[in-house]
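Chemist: I would like the atomic coordinates for the input below:
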Amino acid sequence: MISINSLTVAYGGFTLLDNIGFFVGENDKIGLVGKNGAGKSTILKLICGIQKPTSGKIEMPSDLRIGYLPQIMEHHRGKSVIDEAMTAFSELFDMEAELDSLMEQLSTREDYDSAEYGRLIERMNDINDRLAYTKAESPRVAAEKTLLGLGFRAEEMDRPTETFSQGWNMRIELAKILLSKPDVLLLDEPTNHLDIESIEWLEDYLKSYKGALVLISHDRKFLDNITNRTIEIMLGHIHDYKVPYSQYLELRKERIAQQKAAYENQRRMIEKTEEFIERFRYKPTKSNQVQSRIKQLDKLERIDVDVEDNSALAVKFPPAPRSGDVVFKAEDLSLGYPKTDGTGCKVVFSGADIEVRRGEKVALVGRNGEGKTTLMRAITGELEPLAGEARTGYNVSIGYYAQNQEDILDKEDTVYGTLDKIATGDIRTRLRDILAAFLFKGEDIDKKVAVLSGGERARLAMAKLILKPYNLLALDEPTNHMDIRSKDILKQALKSYDGTIIIVSHDRDFLDGLVDKLYEFRDGKVKEHLGGISDFLKKRKIENLSELERKTSDGAAGQPKPSPEKPAASASQTEYQQKKFISKEERKLKNRMDFLERKIEETQAKMKGIEGVLAAPGPSDDIMELTRNYLELKREADAFTEEWEELVEKM
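Modeler: Residues are numbered from 1 along each chain as shown. Here you go, the predicted model:
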């Protein structure tokens, strides 16, 4: 289908892609992987013809239909959601219009034996065949199904596209591409603006998609679930593996190990051969053997070990100053925004009870538009409640990573200037070191924000959080645009961080093992889930299934029956509800106790480590600083223990 031959892309003295080549077959599902800036998006643009290579060529059939979703795009305005999605069928509608025209022409002609009449009949049959093949279902039905799968509600179909955010408009563009049923799909980070349920819907769609797929994604599970081939771009070269992402990682490790072993064996052989040549070079009796060995070395094909790009983030958040036990609390909270027509407020969610305690790592999950970012704005003080109460606790200092870095960062500022503008005190002398830790080195620090890639902007925004010690990190989609290695390093840094975290993310792999509590935003309500993301996903699938079964079994044609008027609860029903409530409260207490026990163990382990250093300090150890850290840890351990003992009494 698509053949990429000896392709090179160079900018001035820098070669981005160096003489690469590979073939995309009609059943290939390819994951294109590599660090930010490696050239992944460039390859998609080259295939589409948006960008030209420095040398080499791309060959494909002239009638090949390509669907391309770029990372950043222009969105169309002036139409409703459904009308914009229906533009995907413009070719089909043109064929229908041509068919009507042909039928009208044929109805007025009587030259049945003429060549022109025969051509009209042939064209009409051709269009009829194509329409029969492409019109399996009504275009509007297909468009609505796809939009619903990508997270739109039925009542949103007629809303103007300009009333939706950039992320939602990206979904409309994705829907148009999927509805057009191209031969090849080129998707550049399609999951960046999708929630977990929409990602799962897209996974199912792409698994059954009949054409070829070239996918750029930093979602490890998404790649594993969809792709059957992985092409790695590293330092201008490619390595092609006929396996999904996780298997590619194992095979890559084996390939590098084998290369190193072969290289070492060859190096030892060369050393012995050179030693023989040097030793017997001037002995006439050995001259034939020496010449033979020299020729052997000249003909030897030297083994090279692939150069690896080992540059990586070096993220370590400053120690968190101590805050109060309760970091954020909301009671009966309602949040929303004024309507554009001035007729009041649109309530996003209501009646929410939320409590985040010191040291917890909490995820906010759910469909886009349900209020996760809205709650973040309330936590940071940008948004006042419509009803109820939202407050941060004692001595809480918030480091906020906003989702829309595109709008927040000053595009005319430089990388260095972005940090220099907000840094104060001694840390200003370390700005170059901090930027280097976030992979901005040399001339990179003088780049303007406007020319940075999505991944580079994400790294710069994260670097801003290192400038000051915060005890609450409020992170709204921090991994969008980050490559997989950077996400892994950030995840480990957040796991090691000793403060509190509230994080919005649709990245299941990133959340797994990081958070210990979730709040789900759904249908205008907020529900607490204790445990990690895996537990939450299992439970949600069961809930979805039971809802579906209720609708199909209780009502005709998959519709629920109207519910009869509820009778007053009997004494036994009331008793059952009370027991259920008590059980729920006990479970919450038990989960909190388990959390406190883990924190006590972690804190005591840190104290033991400091005790070991204090018992035999080295010349570079700061005794005063170690003592301060030890006392702070002891205060934390005492507070955790005191709270645990109080909960034991309640149980």
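Chemist: only C-alpha atoms from now on, for both contacts and neighbour counts.
Modeler: Will do.
Chemist: in which helix or strand does E96 reside?
Modeler: Secondary structure from DSSP states H and E places E96 in helix 90-108.
Chemist: next structured bit after that helix?
Modeler: Immediately after helix 90-108, counting by DSSP H and E, sits helix 115-134.
Chemist: continuing past that next one, what's the next helix or strand?
Modeler: Next along the chain from helix 115-134, counting by DSSP H and E, comes helix 139-149.
Chemist: pLDDT of that following helix, averaged?
Modeler: Here helix 139-149 scores 86 as its mean pLDDT.
Chemist: how far does that helix sit from its chain's centre?
Modeler: 25 Å (CA atoms, centre = their mean, to the nearest Å).
Chemist: re the thing from before, now the angle from the helix holding E96 to helix 139-149?
Modeler: Between the axes of helix 90-108 and helix 139-149, defined by axes from the mean of the first three to the mean of the last three CA atoms, to 10 degrees, the angle is 170 degrees.
Chemist: residues contacting E384?
Modeler: By CA atoms under 8 Å, 6 or more residues apart in numbering, E384 lies in contact with 335, 378.
Chemist: I meant V362, not that one.
Modeler: 356, 501-503, 515-519.
Chemist: between which two of those is the distance greatest?
Modeler: I501 and Y519 (13.0 Å; CA to CA).
Chemist: the more surrounded of these two?
Modeler: I501 (27 against 23; other CA atoms under 10 Å).
Chemist: please name the bridge partners of the more buried one.
Modeler: Counting by DSSP bridges, I501 is bridged to K361, L473.
Chemist: so S534 touches D512, yeah?
Modeler: Yes: with contacts counted by CA atoms under 8 Å, S534 reaches D512, the gap being 6.7 Å.
Chemist: report the buried residues of stretch 157-174.
Modeler: Across stretch 157-174, burial judged by 16 or more other CA atoms under 10 Å covers 157, 160-162, 166, 168-174.
Chemist: which one of the residues you listed is nearest G371?
Modeler: Nearest to G371 among the buried residues of stretch 157-174, with distances taken as CA to CA, is W168, at 14.3 Å.
Chemist: for the helix or strand where that closest one lies, name the packing helices and strands.
Modeler: W168 belongs to helix 166-179 when assigned by DSSP H and E. On a contact count with 3 or more CA pairs under 8 Å, 6 or more residues apart in numbering; DSSP states H and E, helix 166-179 meets strand 66-69, helix 81-86, helix 139-149.
Chemist: look at the closest residue to Y401 other than its chain neighbours and report its pLDDT.
Modeler: Spatially, and ignoring its direct neighbours in sequence, Y401 is nearest to L475 (4.7 Å; CA to CA, 6 or more residues apart in numbering). On pLDDT, L475 comes in at 92.
Chemist: so L475 makes contact with I398?
Modeler: No: contact between L475 and I398 fails when scored by CA under 8 Å: they sit 10.0 Å apart.
Chemist: for L69, give me its contacts.
Modeler: Going by CA under 8 Å, 6+ apart, the list of residues near L69 reads 173-174, 177, 186-188, 190.
Chemist: only the buried subset of those residues, as a ChimeraX command please.
Modeler: In ChimeraX, this line selects whichever of those come out buried by 16+ other CA under 10 Å:
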select :173,174,177,186,187,188,190
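Chemist: in CSV: the contacts of L69, plus pLDDT.
Modeler: Below are those laid out as CSV (pLDDT from 0 to 100):
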residue, pLDDT
E173, 88
L174, 88
I177, 88
L186, 93
L187, 92
D188, 89
P190, 87
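Chemist: what's the burial count for the residue nearest to T230 when sequence neighbours are not counted?
Modeler: Using CA to CA, 6+ apart and skipping the chain neighbours, the partner closest in space to T230 is G31 (4.7 Å). The number of residues packed around G31, counting by other CA under 10 Å, is 27.
Chemist: now swap in I277 and tell me
Modeler: 19.
Chemist: give me the pLDDT for it.
Modeler: 85.
Chemist: could you do Q578 as well?
Modeler: At Q578, pLDDT is 50.
Chemist: F536 belongs to a helix?
Modeler: Yes: judged by DSSP: H, G, I helix; E, B strand; the rest coil, F536 forms part of a helix.
Chemist: so the nearest residue to it once chain neighbours are set aside: helix, strand or coil?
Modeler: Counting by CA to CA, 6+ apart, F536 lies nearest to H529, which is 6.9 Å off, once chain neighbours are set aside. Under three-state DSSP, H529 falls in the strand class.
Chemist: domain parsing for this protein?
Modeler: 75-177, 326-546, 578-650 (automatic domain parsing).
Chemist: what's the closest of those domains to D18?
Modeler: By CA to CA (comparing all of the domains of the chain), the closest turns out to be domain 326-546, at 20.8 Å.
Chemist: distance to L46 added to the buried residues of stretch 157-174, as a markdown table?
Modeler: Below are the buried residues of stretch 157-174 laid out as a markdown table (distance: CA to CA, whole Å):
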| residue | distance to L46 |
| --- | --- |
| M157 | 34 |
| P160 | 33 |
| T161 | 29 |
| E162 | 30 |
| Q166 | 25 |
| W168 | 27 |
| N169 | 24 |
| M170 | 21 |
| R171 | 23 |
| I172 | 24 |
| E173 | 20 |
| L174 | 20 |
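Chemist: neighbours of S496, how many?
Modeler: Going by other CA under 10 Å, the residues that sit close to S496 add up to 13.
Chemist: need the per-residue pLDDT for it.
Modeler: So S496 comes in at 89 (pLDDT).
Chemist: ditto for L185
Modeler: pLDDT, read off for L185, is 92.
Chemist: ok, now A320?
Modeler: Reported pLDDT for A320: 89.
Chemist: what helix or strand does it sit in?
Modeler: Counting by DSSP H and E, A320 is found in no helix or strand.
Chemist: what's the answer for H239, then?
Modeler: strand 237-241.
Chemist: report all helices and strands that that strand contacts.
Modeler: If contacts are counted by 3+ CA pairs under 8 Å, 6+ apart, strand 237-241 sits against strand 14-24, strand 229-234.
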